[in-house]
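# no sequence for this one, just the structure:
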Ligand SMILES: C[C@@](CO)(OP(=O)(O)O)[C@H](O)COP(=O)(O)OP(=O)(O)OC[C@H]1O[C@@H](n2ccc(N)nc2=O)[C@H](O)[C@@H]1O
Ligand SMILES: Nc1ncnc2c1ncn2[C@@H]1O[C@H](COP(=O)(O)OP(=O)(O)O)[C@@H](O)[C@H]1O
């Protein structure tokens, strides 16, 4: 295996193709059933191994102190768990909207754990990395696991699935939605029964959608605008909404007619996380 000292890796977006809330746990978190797929579009992170025992972020996110950046938190959590004397310099390009429901922060954290596990020669298993990751965010384990999956629990109990890979137009209606606020809203429905093995035969829905549409009318407008292309849905707790297309050309054509006040991107869904595919190529 190559002894790398630098590594550049994608932190891909995810979509929740359906998201059901089955109940509330005693710790305030929610029991979920959700279908995760990855997109071949995301942030890009650059890692350099150092021998000075320090984690340094070379890029900043406006309004977010380094100590609260999930990239910094993930690197520190891994350092603490393993006592390595290596350090890292990390720079990145953010492409994913913050608070967009596409998991940007969680994916950044997972890519950091995967990359530093390799650069610091720690050889932790994916399960060990996921155990560190879940303390940073409920979405981190699926990105560590790296396979499209149905998730239960708070999102950390994963059952791999094979989905037909397709094209998506993802639209961000320029509103930032706090996951915590939606989960704490008294009007959130919390009693959807588990689909279990029926998930392929029912229409996919998102239990947060009605509430988010009420609280953020721009999300409702986006979902309605997308309807002309097919059934539109929201991912996670919003704000991004998506619709699938058979071809890249059709998705691109829809993107070009997007209202100016929104942003969007076209991406292909993948069963294997692009971070894992890239890492495998770079390590061989
Ligand atoms: C809803 C989902 C669906 O994929 O995605 P996003 O919309 O955030 O992308 C995730 O479960 C979000 O995962 P993540 O964004 O990592 O959440 P965390 O930081 O762990 O939690 C933020 C807050 O959401 C609430 N929370 C989160 C997960 C969960 N199963 N139950 C909850 O009640 C808690 O109030 C928590 O304080
Ligand atoms: N590297 C990061 N990228 C994006 N957001 C981050 C990062 N580190 C911490 N955060 C915080 O996490 C929050 C949720 O971000 P994100 O994961 O992008 O949204 P969502 O969970 O809706 O997909 C942001 O509002 C921000 O305060």
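Arrived safely. Everything numeric in this text was worked out from a predicted model, so none of it was measured. Ligands and ions are numbered 1, 2, ... in the order given.
# for the rest of this, base every contact and every neighbour count on C-alpha atoms.
OK.
# sec struct for residue 16, please.
On the three-state scheme (DSSP: H, G, I helix; E, B strand; the rest coil), residue 16 is labelled strand.
# check residue 191 too.
Per three-state DSSP, residue 191 ends up coil.
# skip the chain neighbours and tell me the closest residue to it.
What sits nearest to residue 191 in space, not counting adjacent residues and going by C-alpha to C-alpha, 6 or more residues apart in numbering, is residue 22, at 4.8 Å.
# looks like the one you found contacts residue 34 (just checking).
No: under the contact definition of C-alpha atoms under 8 Å, residue 22 does not touch residue 34, with a separation of 10.3 Å.
# looking at this, the residue nearest to residue 191 is in a strand?
Yes: judged by three-state DSSP, residue 22 forms part of a strand.
# from ligand 1, how far out is it?
10 Å (C-alpha to the nearest ligand atom, to the nearest Å).
# what's the local residue count around that residue?
Number of residues near residue 22 (other C-alpha atoms under 10 Å) recorded here: 20.
# contacts only, for it.
With contact taken as C-alpha atoms under 8 Å, 6 or more residues apart in numbering, residue 22 is in contact with 30-33, 190-194.
# burial count for residue 83?
10.
# and the longest helix seen in the chain, what does it pack onto?
With residue count as the measure and DSSP state H as the assignment, the chain has helix 104-119 as its longest helix. Helices and strands touching helix 104-119, as assessed by 3 or more C-alpha pairs under 8 Å, 6 or more residues apart in numbering; DSSP states H and E, comprise strand 6-24, strand 30-50, helix 70-82, helix 126-133, helix 140-145.
# do the shortest one and ligand 2 meet at all?
No: no part of helix 140-145 sits near ligand 2 under the criterion C-alpha under 6 Å from any ligand atom; the closest distance found is 9.4 Å.
# now the fourth one
No: Helix 126-133 lies out of reach of ligand 2 by C-alpha under 6 Å from any ligand atom, never closer than 13.0 Å.
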